[in-house]
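S.K.: Quick one, fold the following:
(2 chains)
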Amino acid sequence: MILKLFSKRTNLVLVMLSFLVFGISNAQAQNSVSGIVLDETGSPLPGASVVEKGTTNGTSTDFDGNFSLNVASEASILSISFIGYQDQDVSATGSPLTITLQVDANALEEVVVVGYGTQKITKVTGAISTVKSATIDKLKPVRVEEALQGQASGVSVIQSGAPGSKPTVFVRGIPNYKGGDPIVIIDGVEQSLDDLSAINAADIESVNVLKDAATTAIYGVKGGNGVIVVTTKIGRKNQAAEFTFNSYVGQQEVLKKVGVLNATEYGAIINEGSTISGGPIIFPDLSVLGVGTNWQDEVFKTAGISSHSLTARGGGENMTYFLSTGFLSQDGIVGGGEKSNFNRLNLAANLNFDLTSKIKLIVNTNYTNIKNQSIGAQTAFNSILGNALNFDPTVSVLNTDPNTIGTYGFSNLITGDIFNPLTRLENTYNKHNGNKFFGKIELQYEIIKDLRITSRFGYTKWDQSSKEFLPLAFYGPLHVSSDFLSDGTLIDGNHNKVIESTISTFKYTHETFANYNISINEKHNFDAVLGLSLSKSTGNTTNVSREDVPFNSWDFADISSATGNNTSENPSAYVGRTSNYSTKKNLSYFGRINYDYKDKYLASFLGRRDGSNTFGKDNKFANFFAGSLGWVVSEEDFFNSETIDFLKFRGSYGTSGNDNIDRAFVSVVTGGPSYGPTQNSNGYTFDGVFLNGSTIDTYSNETLRWEEQTQLSVGFDLTLLRNFSLTADYFEKNVDGLLFIEQPSFYAGTPRRPSANIGSTETSGYEFNLGYNLNKENFKFNTSFAFSTFTSLVTATDASGTATLSGGSIFNGISQSVTRFEKGFSPGYFYGLQTDGLFQTQADIDASPTQNGAVPGDIKFVDLNGDGVITNLDRTKIGNPFPDFTLGWSLGFEYKNVDFSMFTYTSVGNDIFRGYERGANFTNKFRSVLGRWTGPGSTNDANNPRYTFNDANSNNRSSDRYIEDGSFVKIKNVLLGYTVPSSLYNDKWFSKIRIYAQAKNLFTFTEYSGFDPEIAGGIFGTGLDEGAYPQSRTISVGVDLKF
Amino acid sequence: MKNIKIIIGLFVFLSVFTACEDWVDFDPHDEFKITDLDYLKSESDYRTMAVSCYTPMQWLNQMYVLADVATNNATAGGESASDVGRLQELDDYTTTPNNSLMEDLWESGYEGINRANYLIARKELNPAGESIEFIGKDEMYGEIYFLRAYYYFSLVKVFGDAVLFTHDRLVVSDFGSLQRSPKAEVYAQIELDLNTAIAALPAVNTQDGRINKYIAQALLGKILMYQEKFDEAASMLENVINGPYILVNDFDSMFLKEGENGSESILEVQYSNGKPYYNWGGVTRGQGNLAAQQCGVRGLVGSADMPYAAGWSTTLPTQDLYDAYDNGDQRREATCFDIEAYKVNNPELGITYQVAPYKNTGFYNKKYLPRKGQTSGQIELNYENNHRIIRLSDVLLLAAEANNRASASNDTKAQGYLNRVRARAFGDDSHAITVTGDALKQAIWKERRLELAMEGDYFFDLVRTGQAASKIAGFVAGKNEVFPIPQREIDVSGLTQNSGY
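M.R.: Residues are numbered from 1 along each chain as shown, chains lettered A, B, ... in the order given. Okay, the predicted model is just below:
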């Protein structure tokens, strides 16, 4: 099916190409010159541009690197260029010519894309991390963020294993509680991190991460969390179509399973737990239990992944094009591809037209279709993995009871909450189908030399329709969630249900700005930009559910075929709901001046005035400024070093913001119970009939304003001996007026709490990038290290310092919240009691602070506040889910036709809260329980208290018992490639054939006992392992073709 | 060429032109949101908003649990020492300002006050400045004044001095700006509101659950008793006694579904078990009554004929309470449910249950015992049992006490009222009380305990009558008459704490 689809798409793109490729006009000329263009290894370079200097007359090389051109005279000079190579001018005499281009190894000539312009890298005074297409091509990321992890210093990326899911990304620490999603700019157009799932990695030319105020303040109120600038590929003028085809197929599998008890061990521990609390023996004969079922073996599957993409780029005299199509299909390792998958189809066209010599039109169009199925909740204990870890191991995989319906086995001990994961999987039906159009239409008008006006309309349209089916299910005769009796009789009052929902959003940004470059006496160079930006985003959702799908079957799961109708007894048989997304509007003015004196002394000043309809009426506009200075020491006359090629010091200071808040106005709500955070319920019962009521639901806050983030950043860039490079940065980032949910006076009642600018945070950190490159004939070697570290601290929340936000809800017998955002602590820290071993004897208990319910073998908690009794007030910081530092190490070499690259990512000091242990009496236990306390002196390890059904001490309270060090070293990527020498094949068709084998997540070195120590989940969920979907080990083989 | 320039010019012009600063004005109507200015435009809006002024009454259900657990009437029970911790603290007299029950009651009471204030402030003009008149508006406002008084009475009973405001619902700028007012001022406001309500309310209920004139008079009488204004209380309560209420002969039946809003019932907080259900998002803030689930027998299983549902074994009546009843008093079995006796006496029901694992007394709160078929949805949270707040017998006993303690004491009348209650309890007149003076007062007080046990009155009665320190183990006079102001409120709003906490 996929292949079929793909070939269909291929045809489509070929048609597109043939339609779009323009012919190249021929000049009237007399002298014919021909030749061949080769790279430094002697391979032909197809698509290199050959232009008669001083004219517009030119051509490009064919598949074999050959060209021929009519020139004015033999004295004409030919200018040959190819991206990534140094330009070369040669005389047209002596045809046929052989021209060998040299790789442009001088990274200092590069330019980087910054907001509303580009800058030569040597002149940059801000802090920018860059990942180029070469790196992305090697990593083959499903999502772009994967390529930033450990490659771009200062960027924290914590990935999730679920196919296509969004990772946690922070740029330079955690400034606020709402999460630190940086904004994403794709070809100048504002997008969001969510949109990165929609872009094909093969389309990307470079990704720049803007980190300091000097680079982010141009995005003003949206720049506070950093900016990821994605630049996609474009075509080149006068170049024949160059096609690339990349394809790989692979297999994914789980790296590790969690140690749980086998059936016999389980039986023994259940007996112990029951009898110790005065109950009966549950399993009288352990010898019949055997090893039973390890449910993890049943739910983890080997799953496929494949990706194919075809691109074409080139151009004529007046236009260039880059066209791309891609198809990626990833199945999930949990439940397999039938239930969990991510399929993405991309079509992209980047077209640049020279309408006149002064006017350019740029049209970038992307269409992405994403189809996926998921296994539902991925992190809660009742997820498929949570069930697989906790379900009864004595149950056989398949149902062996002939008198009972159901395909899979059931437990008579576990009768609620936890399900047979296979039955659960069998009853999981959903599909999501999303279409996204995004891109831009841009006009550039060069009014006079070096003054260019750009007007750009960028847009994103996203439509997704989803369907979910909740069938009638049987989980066992005693299970409270069973809809049937054992014999298949439907229990009265139960219904199946289909839910259909759509989401539709539209966002546009219209920006107009002028760029002006001027050089005075070739010493004073100015580069200025001034402009304005207007944006709006809207959206709506609808959600309809209906009961009674015919035949209890997914095949008929549709609102139109379901038959449920509302009755007075069942008013929710057929219900629908629509809601509008918040309308966000921004109006901004911005400007920047970059100045340099002879490339030596650099200065930059920029500002932005942002208006947002999110803010209160009194503060609609916000101003942001930043300035930066740089000194290129190596340009100084006195600087005379053989070893140091380039040395630049730079520093910046400025502000940016965040408008990621809810509007505050006085609203009225009508209805019944409220499921909101303050339970501001309505309605009352009169004459036994419930009547809806209404009340005020939100406060207004007219003084609401943006969060002001001030950042100081200093650093230097150094190049030694042409091959070594070092970039180092230090930054301090303070947030004032932190948007925080204020705790109103309790006497104000229960309307939703308003946001207010009442908090502050402080973040500081270091980043280093160290690189080494060696380019020899037949041998290339490069290695680089990216080191990042940051410390974030919440310095204020509200006037009293008591307002906290809690997250990380788990249920392990007690419903508790284990992460917090609180004054005096790092954001999202783990919150709980400290333990001090186990009570060995009653005397021990009597001598300790009062701990209600404790008996010997229970955990001894620390009385932190010294009031003589263990209460919730003794809770404190027990861990930090964010790493102390991360280190990415890339290594690559090429020898003749063989290339090898490896990428290793290290995260040190990230703690994990082990939250997947459900801990009900009959749920399966984890192997650590075998080391439990069994009598005085048996163990004093607080991780292993006695095991009992009646845990009056609540040993399952959030405590450091559940904290593990999640530090890890992951070999994220290993790739071995071989470029087939052109002598081995008919090079009439292909200019390059490369085959490779790749392994992702080959090994993880960690002490962590769970599946995967990398657990994404924003500020309140990162590091909280509720059975998180682990990343898979992927082994794939692929081919890269050029033709 | 020329055209292109025009197009570009237009493009640029458009973006500059549309960029006026109004662009970033936010109008909630862009998102179809209903703001305060859009509401209270019709009778229906006013009446719908009035409905929600009743809602927080339901949220106060733990106040009725508190009033027995904090006395020798009941123990906290629960699964273990760490289960229902906030009730354990009340039981053990270790309550701290961090007990979340305090926050729950404080916030619920004040939400009621804010809702009433908002509506009262817009009685003449709605937020848009219009006057909306309709038939029955004054009567409806009678309900609102009553409810504000009810919420203030709840707060002043539990916490003593309270933050007093009546001008409007509080807004952001008010947060933290108010302080507590002396109890006397709060009572004065309550009396004012109740008198306003009595003047406006109809004598007859249009619907079960609606406030009428007698309810307001009964509450005012009770509040006068709390202020020891016995003369005024006696005449106010007399109005109610002369009203349409009749004692129910079968005491037990009053607490069944069929007995709800019966002839003796004056004020009941109404609950229902229909949709929309409530869930674990806020256990005390639903349409259903959590308190029923709380007092059920743990792990109770029996045949289809067995009427009771299982629960959490909290709020267990004590032996002390059981023993306080005389033989022949029908209230004993109707208050203290002995599960083991029930099991033995009804072998055909095949009952099994789990002995209450903590602070077991063997007894369960019969008045609110959860029953099968009376809940739906999240079954623990949606029992439809109404909370009986004021019954005629309560009014009779208050009136008896008022007459006994009035400046011109009328013990004959007091005996009469008291003995009406006793005659119903025993089914005969042979248990009539004949003593007078202080002995009569003691007899009335004892009767109040027996009559109203497990109904959420006893603690407040003991405090009101100055008996708490002598009757409750652990009670410290001068401290425990009131509960602590929630610590977070102290931190957020800078209020003073009650002494001793």
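
S.K.: show me what contacts the most centrally placed residue in chain A?
M.R.: Note on chain A: the residue nearest the mean C-alpha position is A:Pro167, at 3.0 Å, using C-alpha atoms, centre = their mean. Counting by C-beta atoms under 8 Å, 6 or more residues apart in numbering or on different chains, A:Pro167 touches A:Arg143, A:Glu145, A:Glu146, A:Gln149, A:Val157, A:Ile158, A:Gln159, A:Ser160, A:Ala1016. Heads up, the C-betas are built off the backbone N, CA and C, glycines and all.

S.K.: ok, now with 7 Å
M.R.: A:Glu145, A:Val157, A:Ile158, A:Gln159, A:Ser160, A:Ala1016 (C-beta atoms under 7 Å, 6 or more residues apart in numbering or on different chains).

S.K.: show me the contacts for the fifth one.
M.R.: Think A:Ser160. So A:Ser160 contacts A:Pro167, A:Ala1016, A:Ala1028, A:Tyr1029 (C-beta under 7 Å, 6+ apart).

S.K.: What segments of the stretch 351-500 of chain B are strands?
M.R.: Using DSSP state E, counting those that start in this stretch, the strands of the stretch 351-500 of chain B run over B:363-365, B:387-391.

S.K.: between the ones you listed, which one is nearest to B:Ala439?
M.R.: strand B:387-391 (24.9 Å; C-beta to C-beta).

S.K.: Pairing partners for the closest one, with directions?
M.R.: strand B:265-269 (antiparallel) (DSSP bridges).

S.K.: Now do the buried residues in the partner strand.
M.R.: Across strand B:265-269, burial judged by 16 or more other C-beta atoms under 10 Å in any protein chain shown covers B:Ser265, B:Ile266, B:Leu267, B:Glu268, B:Val269.

S.K.: what's the following helix or strand after the worst-scoring helix or strand of chain A on mean pLDDT?
M.R.: Averaged element by element with mean pLDDT, DSSP states H and E, chain A has its least confident helix or strand at helix A:2-20 (a mean of 41). Heading C-terminal from helix A:2-20, the first helix or strand you meet, by DSSP states H and E, is strand A:31-38.

S.K.: May I see the buried residues of that next one?
M.R.: Result for strand A:31-38 [16+ other C-beta under 10 Å]: buried residues A:Asn31, A:Val33, A:Gly35, A:Ile36, A:Val37, A:Leu38.

S.K.: so who does B:Leu66 touch?
M.R.: Contacts of B:Leu66 by C-beta under 7 Å, 6+ apart are B:Leu90, B:Leu101, B:Phe459.

S.K.: Assign it to helix, strand or coil.
M.R.: helix (DSSP: H, G, I helix; E, B strand; the rest coil).

S.K.: just to revisit the earlier point, which of the contacts of B:Leu66 fall in helices?
M.R.: B:Leu90, B:Leu101, B:Phe459 (DSSP state H).

S.K.: show me which of these neighbour chain A.
M.R.: Among the ones in helices among the contacts of B:Leu66, proximity to chain A is found for none (C-beta under 7 Å from any C-beta of the partner chain).

S.K.: where's residue 322, which helix or strand?
M.R.: Defaulting to chain A. strand A:319-331.

S.K.: nope, chain B please
M.R.: Per DSSP H and E: helix B:319-324 holds B:Tyr322.

S.K.: which residues of the stretch 201-350 of chain B fall in helices?
M.R.: B:213-226, B:230-241, B:290-294, B:319-324, B:330-335, B:339-345 (DSSP state H, counting those that start in this stretch).

S.K.: Poorly predicted segments of the stretch 151-300 of chain B, please.
M.R.: Residue ranges of the stretch 151-300 of chain B with pLDDT under 70: B:275-282.

S.K.: whoops, I mixed them up, chain B
M.R.: B:1-21, B:82, B:275-282.

S.K.: Get me the contact residues on the stretch 251-400 of chain A for chain B.
M.R.: Checking the stretch 251-400 of chain A against chain B by C-beta under 7 Å from any C-beta, the hits are A:Leu355, A:Thr356, A:Ile359.

S.K.: From those, list the buried ones, please.
M.R.: The buried subset of these - by 16+ other C-beta under 10 Å - is A:Leu355, A:Ile359.

S.K.: can I get the residues of the stretch 251-400 of chain A next to chain B in TSV with pLDDT and secondary structure?
M.R.: As requested, those are exported to TSV (pLDDT from 0 to 100; DSSP: H, G, I helix; E, B strand; the rest coil):
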residue	pLDDT	secondary structure
A:Leu355	89	coil
A:Thr356	87	coil
A:Ile359	90	strand
